[in-house]
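Colleague: Pasting the sequence and the predicted model now:
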Amino acid sequence: MSKKLLFGTNLKMYKTIRDTTEYLQKLVENTKDISRDEIELFVIPSFTTLSNAVTCVDRQYVKLGAQNMCWEDEGQFTGEISPVMLKELGLDLVMIGHSERRHVFGETDIEENKKVKAALNHGFTTLLCIGETGEEKEYGISAEVLRTQLIVGFHGVPAEQASKIWVAYEPVWSIGVNGTPATADYAEEMHKVIKECLNEIFGDVGADIPVLYGGSVNPGNANELIVQPSIDGLFTGRSAWQADAFDKLIRDAKATYEKQ
Ligand SMILES: O=C[C@H](O)COP(=O)(O)O
């Protein structure tokens, strides 16, 4: 049984316009021979690089997304970027609720819900990121936290829009330089919780929503993660920021998945 595997990276607040353009062009060149019927590849660069990024790569090879978005189309919201503005750039997807948005900038589940609805209503593929903190894990409430983030995050979203939804599970304690990657077993357990909850929210079509694992994915754990039955893809930060390294990680993970 094979499924389309998703591989993506969030460039966070790294890379200039030129760095991003070079990275994207190299990534496409390296990975061009991998059938896009078998993988979906996406990159989420910083806002200031997007208008160049959309013109420099063939989007059949790499989908491009924004790291955040306001829920309003326009208005007195200094410093925010609206869905209409992102639409004008012709982006494919919008990421909502990344751990750093929630925990560094204090975004709430209710705000993420407004953003999710706005992104879907503007036709974007919408990547909702969820994950428990280390403290919540210690208290044994990871499943409850994930369920709350999903139930509130998708409140009022009709099942007809489920085909445009992706979810990334990124435990907060696993992300970034100080993060400890989740074990494959733990990630699989949480992905099962997420899939069950998506089924409760959306019914049968919930099963078609891809759920990616993110948080210190690296060449040493990617293969073990990708073969977990409830993991549909890998959302990678640092280990994907060199095109050659990301290409290798994708190829190795795909080959490992196919060998099962
Ligand atoms: O958005 C990506 C995640 O925050 C993962 O970052 P990381 O792979 O550097 O831990």
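Modeller: That came in fine, so what should we check first?
Colleague: Name the residue of the stretch 151-260 of the chain that lies nearest to the ligand.
Modeller: Of all residues in the stretch 151-260 of the chain, the one sitting closest to the ligand is Gly237 (2.3 Å; C-beta to the nearest ligand atom). Placement of C-beta: from N, CA and C, glycine included.
Colleague: Run through the residues that contact that residue.
Modeller: 9-10, 12, 175-176, 214, 216-217 (C-beta atoms under 8 Å, 6 or more residues apart in numbering).
Colleague: which of those are buried?
Modeller: Those of the contacts of Gly237 that meet the buried threshold are 9-10, 12, 175, 214, 216-217, by 16 or more other C-beta atoms under 10 Å.
Colleague: tell me which of those residues is nearest to Phe202?
Modeller: Proximity of the buried ones among the contacts of Gly237 to Phe202 (C-beta to C-beta) peaks at Gly214, which lies at 21.6 Å.
Colleague: returning to that earlier point: over to the residue of the stretch 151-260 of the chain closest to the ligand: give its phi and psi.
Modeller: Dihedral angles phi and psi of Gly237 (degrees, to the nearest 10) take the values phi -100, psi -110.
Colleague: Can you give me the pLDDT of it?
Modeller: On pLDDT, Gly237 comes in at 98.
Colleague: again with the one 5 residues further on
Modeller: Each residue has a pLDDT score; the one for Gln242 is 98.
Colleague: Let's have the contacts of Gly237 in TSV, adding distance to Thr183 and secondary structure.
Modeller: Shown next, in TSV, are the contacts of Gly237 (distance: C-beta to C-beta, whole Å; DSSP: H, G, I helix; E, B strand; the rest coil):
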residue	distance to Thr183	secondary structure
Thr9	22	strand
Asn10	22	strand
Lys12	24	coil
Ile175	15	coil
Gly176	18	coil
Gly214	15	strand
Ser216	11	coil
Val217	13	coil
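Colleague: So which residues of the stretch 101-250 of the chain form strands?
Modeller: 125-130, 165-169, 211-214, 233-236 (DSSP state E, counting those that start in this stretch).
Colleague: got the buried residues for the last one?
Modeller: This points to strand 233-236. Buried residues in strand 233-236, counted by 16+ other C-beta under 10 Å: 233-236.
Colleague: how about low-confidence regions in the stretch 1-150 of the chain?
Modeller: Filtered on pLDDT under 70, the stretch 1-150 of the chain yields the residue ranges 1.
Colleague: Next to the ligand in this structure, residues from it, please.
Modeller: With C-beta under 6 Å from any ligand atom as the criterion, the stretch 1-150 of the chain meets the ligand at residues 10, 98.
Colleague: Do you have the helices of the stretch 1-150 of the chain handy? List them.
Modeller: 17-31, 50-56, 83-89, 99-103, 109-121, 134-138, 142-153 (DSSP state H, counting those that start in this stretch).
Colleague: closest to Glu258 out of those helices?
Modeller: Nearest of the helices of the stretch 1-150 of the chain to Glu258, taken as C-beta to C-beta: helix 17-31 at 15.9 Å.
Colleague: name the helices or strands packed onto the closest one?
Modeller: Applying 3 or more C-beta pairs under 8 Å, 6 or more residues apart in numbering; DSSP states H and E, one finds that helix 17-31 makes contact with strand 39-44, helix 50-56, helix 243-259.
Colleague: swap the cut-off to 10 Å and go again
Modeller: With contacts taken as 3 or more C-beta pairs under 10 Å, 6 or more residues apart in numbering; DSSP states H and E, helix 17-31 sits against strand 5-10, strand 39-44, helix 50-56, helix 243-259.
Colleague: Now Lys3. Nearest residue, chain neighbours left out?
Modeller: Asp232 (6.3 Å; C-beta to C-beta, 6 or more residues apart in numbering).
Colleague: wait, isn't Thr208 in contact with Val167?
Modeller: To be clear, residue 208 is Asp; Thr isn't right here. No - using C-beta atoms under 10 Å, Asp208 is not in contact with Val167, being 11.6 Å away.
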